[in-house]
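1. 3D, please:
(chains A and B)
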Amino acid sequence: QQQVKQSPQSLIVQKGGISIINCAYENTAFDYFPWYQQFPGKGPALLIAIRPDVSEKKEGRFTISFNKSAKQFSLHIMDSQPGDSATYFCAASKSGNQFYFGTGTSLTVIP
Amino acid sequence: SAVISQKPSRDICQRGTSLTIQCQVDSQVTMMFWYRQQPGQSLTLIATANQGSEATYESGFVIDKFPISRPNLTFSTLTVSNMSPEDSSIYLCSVVIPYEQYFGPGTRLTVT
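-> As a prediction, the model looks like this:
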């Protein structure tokens, strides 16, 4: 059973546009929600993360929006750039030990 | 933080042989994980390898096929045994420092 559901599977955005990737979870015991960015030939790297006691976290052009009641969270990439083209994974963790990953979103930013 | 290196970075192996992947971490960590990632796919957890205890395998993965060693807090190996083309994948080593997960660069395995 997929603990974290992620959509869309792929996304194409024009340079300067907003990229939005959505995730949903069921287990209310999750207390940490990170996003990872993975470039071809590299391992995933932590991009930004949020705890459920806040509804939004922003770091530069990257923002996580968190809706605890709906058990959903999303990644917004503002002013998307070709260098943002990568695969993005959402994840959820309980107690920061084991992480459950979404299925990934392949983002392509067209110049 | 943690910096992870893996060896080899890639290999092409013949069916029926075995390959051992090494994972080295630049700091002492208790929790270490091995994942498999098919190209363009998500991460599938193979096993958890905490130092001082037997590795714990996820459903669908068995010790005879994927034996793991964890001799100390900075090193682990994963062996892919009796390989078949279905084992062609990227194998990733990962460590967790609570609430922060770090990944190695991966080992790209092709079985012919």
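
2. which residues does the residue nearest to the spatial centre of chain B contact?
-> The centroid of chain B falls nearest to residue B:34 when counting by C-alpha atoms, centre = their mean (3.6 Å). Residue B:34 sits next to B:23, B:45-47, B:49, B:66, B:68, B:76, B:78, B:91-94 when contact means C-beta atoms under 8 Å, 6 or more residues apart in numbering or on different chains. Every residue, glycine included, has its C-beta placed from N, CA and C.

3. got it, and residue B:66?
-> B:34, B:46-47, B:57, B:78-81.

4. what packs against the longest strand belonging to chain A?
-> As assigned by DSSP state E, the longest strand anywhere in chain A is strand A:86-94. On a contact count with 3 or more C-beta pairs under 8 Å, 6 or more residues apart in numbering or on different chains; DSSP states H and E, strand A:86-94 meets strand A:4-7, strand A:19-25, strand A:33-38, strand A:72-77, strand A:98-101, strand A:105-110.

5. ok so, going back, go through the contacts of residue B:34 and name the one nearest chain A.
-> The nearest member of the contacts of residue B:34 to chain A, counting by C-beta to the nearest C-beta, is residue B:92 at 5.5 Å.

6. How much space separates that closest one from residue B:14?
-> To residue B:14, residue B:92 is 23 Å away according to C-beta to C-beta, to the nearest Å.

7. Between the two, which is the more surrounded one?
-> Set side by side, residue B:92 and residue B:14 show more neighbours around residue B:92, with 27 against 8, by other C-beta atoms under 10 Å in any protein chain shown.

8. how about the residues of chain B near chain A?
-> Within chain B, the positions near chain A by C-beta under 8 Å from any C-beta of the partner chain are B:4, B:31, B:40-43, B:48, B:92, B:94, B:96, B:98-106, B:108.

9. Quick check on those: which are buried?
-> Neighbour counting with 16 or more other C-beta atoms under 10 Å in any protein chain shown marks B:4, B:31, B:42-43, B:48, B:92, B:94, B:96, B:101-104, B:106, B:108 as buried within the residues of chain B next to chain A.

10. Since that was my last question, I'll sign off now.
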